[in-house]
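Q: Fold the following and give me the result.
(2 chains)
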Amino acid sequence: MSELNQVLKQRRQKADDLAELGVALYGNSFTPTHRIGEILPMADRVTADTAPGVHQVKVAGRILAMRKFGKASFMHIQDESGRMQVYVQRDSVGDEQYTIFKKLDIGDIVGVTGWLFKTKTDELTIHADKVVPVTKSLRPLPEKFHGLTDVETRYRQRYVDLIVNPEVRDTFRKRVEIIRLVRDFLVNRGFMEVETPMMQPIAGGATAKPFQTHHNALGMDLYLRIAPELYLKRLLVGGFERVFEINRNFRNEGLSTRHNPEFTMLEFYQAYATYHELMDLTEEMISWIAAEVTGSMVITYNGQEVDLSPPWKRYTIEEALVEVAGIAPETLADPDKVMALAREKGIKLQPQAGVGKAKTELFELLVEEKLINPTFVTEYPTEVSPLARRNEKNPEVTDRFELFVTGREIANAFSELNDPVDQKQRFERQINERGDDDEIFPVLDEDYVRALEYGMPPAAGEGIGIDRLVMLLTDSPSIRDVILFPHLRPETK
RNA sequence: GGGUCGUUAACUCAGUCGGUAGAGUAUCUGCCUUUUAAGCAGAGAGUCGUUGGUUCGAAUCCAACACGACCCA
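A: Below you'll find the model as predicted:
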């Protein structure tokens, strides 16, 4: 018989014993009067001499640790709001109660009724009048000192990770807080939160491999969206001038510390704004959220200091190539030299790729990882920006920026292309110049062009990767640390 | 897709030159009415990721596979 079976057997035996004593193992009749987080601040009103009944409480929580003596015991219990100590004395709870108490295990959820006092070591503690089993746990928790560190188990059994690792609970609380602050920020600026299709007949708005599914009744294939962009812009046509959506995108690509097949994206669109105004808005929003969540605009990520205080550095791609990568301006001015440099750096380009694509690739290779403090990079070549408005002075580049922090792309934004003729031509060019990847299939979205033909107001739009933002603000090295249930291969038995 | 590393008790980890499995925590028993990783004494607990191979003998050496981590594409 294996040890786990032995432990399970012992726990089931205890459960049976408790049932025999008339205890409801999975009842739902205990109603707490307090949460632990409400009790802890009462510490300064309690002393070792505080009499029974002065501060009477009922709390429920999971047992995390027990120190049993013959006729008295200490345990720590944890609820969502915190953890605290409970003192269980045989003479206080009575023989019958103490017999039941001794059958409890670490991991069980209990209800405690008692009064507050302080121990010799000045720890606020509940002196129990009564301890009742609320929910029996049949599986042992990980070791108390090292806790659970095996990342595979942490991701596969996130519930255990959450029970025993308080910093993991904090990270996910911060995630929720960050999303709430994003909402508050945008709603306060007159943006309206909307929901657009997750299942789309054409997976548009980005270049990525989609997940495919099928609608039986309609007899049609559908794709899980890779971006909400084209639907949100249809809403601009419809007359909603400031819209945003925070929701999942799905991309059928590899997994890494920065990629999960489903990830959360904020996209927002503002009519009559330009990408310049979105840079200001982004700077303001992210620095404010950082201050709200971490208490400072200067944060630490992966051991390095990152200063999010505005204003942020703004480069054009060419400026960044010159100033960060050290490429000579005369090299950048000569398309032949740019192509030669790209080849020299080992960049493989499609035959039809132009100098704009080459500059973008050089930027990704030589500059991105060096942009630690937040940096806006503008003037992306038109050929890599199929949905962005051309710059009025130089049609080879677009009115677009990407935001980089700690070497990672956090946001992508541009003044929107609203010329239906130009848009249609760019879709067609994209289809003609598609790469050799069979699973990325750009399709001309005729309805989107039709919508533009009705007239979309000039606007600027932006996407911010929420998971990456949460990683940044919680100092998490992997996207799996900020997604509750990240994708893993199926467990082998 | 490629490379490197890892997988041993429920958890955290040792395991020498290839000689038949170890610790702490957790669990069980006993003692213990203010402990804090409580203490003391004792006990039980293992398909050494899987499958093959080499060998008298494999946790250990070799191969393939599975899962994970990191790096690269």
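Q: and residue A:245, what are its phi and psi?
A: Main-chain torsions, residue A:245, degrees, to the nearest 10: phi -140, psi 140.
Q: can I assume it is in contact with residue A:193?
A: Yes. Assessed by Cβ atoms under 8 Å, residue A:245 is found in contact with residue A:193 at 6.8 Å. Just so you know, the C-beta spots here come from the backbone N, C-alpha and C atoms, and that holds for glycine as well.
Q: ok, residue A:116 touching residue A:54?
A: Yes. Between residue A:116 and residue A:54 there is a contact under Cβ under 8 Å: 7.5 Å.
Q: Just want to know which of those two has more residues nearby.
A: Shown here are residue A:116 and residue A:54; by other Cβ atoms under 10 Å, residue A:116 has more neighbours (22 against 12).
Q: ok but that one is inside a strand, no?
A: Yes. Per DSSP: H, G, I helix; E, B strand; the rest coil, residue A:116 lies within a strand segment.
Q: how close does it get to RNA strand B?
A: As judged by Cβ to the nearest atom of the strand, to the nearest Å, residue A:116 and RNA strand B stand 12 Å apart.
Q: what pLDDT does that residue get?
A: What the model reports as pLDDT for residue A:116 is 96.
Q: for the stretch 251-400 of chain A, what spans make up the strands?
A: Applying DSSP state E, counting those that start in this stretch to the stretch 251-400 of chain A gives strands spanning A:262-271, A:298-301, A:304-307, A:313-316, A:375-378, A:400-405.
Q: Now mean pLDDT too, for those, in JSON lines please.
A: Below are the strands of the stretch 251-400 of chain A laid out as JSON lines (pLDDT from 0 to 100):
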{"stretch": "strand A:262-271", "mean pLDDT": "97"}
{"stretch": "strand A:298-301", "mean pLDDT": "95"}
{"stretch": "strand A:304-307", "mean pLDDT": "94"}
{"stretch": "strand A:313-316", "mean pLDDT": "96"}
{"stretch": "strand A:375-378", "mean pLDDT": "96"}
{"stretch": "strand A:400-405", "mean pLDDT": "96"}
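Q: Of all the ones you listed, which one is nearest residue A:11?
A: Nearest to residue A:11 among the strands of the stretch 251-400 of chain A is strand A:262-271; the distance by Cβ to Cβ comes to 36.2 Å.
Q: and that closest one, what other elements does it pack with?
A: Helices and strands touching strand A:262-271, by 3 or more Cβ pairs under 8 Å, 6 or more residues apart in numbering; DSSP states H and E, are helix A:166-188, helix A:229-238, strand A:242-250, helix A:275-294, strand A:459-465, helix A:466-474.
Q: Looking at those, spot the one closest to RNA strand B.
A: Taking Cβ to the nearest atom of the strand, helix A:466-474 is the member of these nearest to RNA strand B, at 11.4 Å.
Q: does any bit of that closest one sit next to RNA strand B?
A: No. Helix A:466-474 lies apart from RNA strand B when judged by Cβ under 7 Å from any atom of the strand; the minimum separation is 11.4 Å.
Q: can you check stretch A:74-81 too?
A: Yes. Using Cβ under 7 Å from any atom of the strand, stretch A:74-81 comes into contact with RNA strand B via residue A:74.
Q: Name the residues of that stretch that are buried.
A: A:74, A:75, A:76, A:77, A:78, A:79 (16 or more other Cβ atoms under 10 Å).
Q: Put together TSV for those residues, with secondary structure, pLDDT and distance to residue A:433 on each row.
A: Listed next are those as TSV, based on DSSP: H, G, I helix; E, B strand; the rest coil; pLDDT from 0 to 100; distance: Cβ to Cβ, whole Å:
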residue	secondary structure	pLDDT	distance to residue A:433
A:74	strand	97	70
A:75	strand	97	67
A:76	strand	97	63
A:77	strand	97	63
A:78	strand	97	57
A:79	strand	96	58
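Q: quick check, nearest of those to RNA strand B?
A: Nearest member of the buried residues of stretch A:74-81 to RNA strand B, counting by Cβ to the nearest atom of the strand, is residue A:74, at 3.3 Å.
Q: For the closest one, list the residues it contacts.
A: Residue A:74 is in contact with A:66, A:67, A:85, A:86, A:87, A:88, A:125, counting by Cβ atoms under 8 Å, 6 or more residues apart in numbering.
Q: Need the residues you listed in JSON lines (columns: distance to residue A:256).
A: Putting the contacts of residue A:74 into JSON lines (distance: Cβ to Cβ, whole Å) gives the following:
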{"residue": "A:66", "distance to residue A:256": "41"}
{"residue": "A:67", "distance to residue A:256": "44"}
{"residue": "A:85", "distance to residue A:256": "43"}
{"residue": "A:86", "distance to residue A:256": "44"}
{"residue": "A:87", "distance to residue A:256": "49"}
{"residue": "A:88", "distance to residue A:256": "49"}
{"residue": "A:125", "distance to residue A:256": "47"}
